[in-house]
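*Asks:* next one to model:
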Amino acid sequence: MSFRVGQQVVCVNDKFSDDKYWRRTVREFPKLRSVYTIREIRDAGDLVGLCFYEIKNSIALFSGGYFEPAFNVKNFRPVKKTSIEIFEKMLVPADLLEIV
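*Replies:* Predicted coordinates for the structure are as follows:
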């Protein structure tokens with residue numbers, strides 16, 4: 001899956017890292033089934049982390065420098081915008097559709 005800054009995602013797994021240092025740096029965690037907007041995407045080797053406009057945690061010292069803790073991309077999926085227009089058309093009686 002590809003992600004981009006400004007994209008909305010939904011939290012599908014609220015079980016985050018057990019690393020004690022990382023957990024101490026996080027003040028607010030994403031909540032299951034909540035929607036967030038990506039503010040930053042951070043690549044840390046094998047891990048890709050996301051920071052959100054709706055959640056702001058303090059900057060902390062990590063192996064690569066001072067950063068805001070990010071949340072594993074695997075815990076999120078893109079929000080799918082669904083139009084109900086096709087379902088609304090199904091509710092129109094067939095004889096009215098022939099007139100249009």
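*Asks:* what's around Tyr36, how many residues?
*Replies:* Neighbourhood size, Tyr36 [other C-beta atoms under 10 Å]: 21. Glycine gets a C-beta too; all of them are placed from N, C-alpha and C.
*Asks:* correct me if wrong: it contacts Asp14.
*Replies:* No - checked against C-beta atoms under 8 Å, the pair Tyr36 and Asp14 is beyond contact range at 12.0 Å.
*Asks:* mind listing the shared neighbours of the two?
*Replies:* Common contacts of Tyr36 and Asp14, defined by C-beta atoms under 8 Å, 6 or more residues apart in numbering, comprise Pro30.
*Asks:* element containing the closest residue to Phe71 other than its chain neighbours?
*Replies:* Of all residues not flanking Phe71 in the chain, Leu50 sits nearest, at 5.4 Å (C-beta to C-beta, 6 or more residues apart in numbering). Taking DSSP states H and E as the criterion, Leu50 maps to strand 47-52.
*Asks:* how far off centre is that strand?
*Replies:* 9 Å (C-alpha atoms, centre = their mean, to the nearest Å).
*Asks:* immediately after it, which helix or strand?
*Replies:* Trace forward from strand 47-52 with DSSP H and E and the next one is strand 60-62.
*Asks:* what does that following strand rub up against?
*Replies:* Outside strand 60-62, the residues that touch it by C-beta under 8 Å, 6+ apart are 25, 44, 66-69.
*Asks:* partner strands of it and their direction?
*Replies:* Strand 60-62 pairs in its sheet with strand 65-67 (antiparallel), by DSSP bridges.
*Asks:* quick one: the helices in the protein?
*Replies:* For the chain, the helices defined by DSSP state H cover 20-25, 85-91, 94-99.
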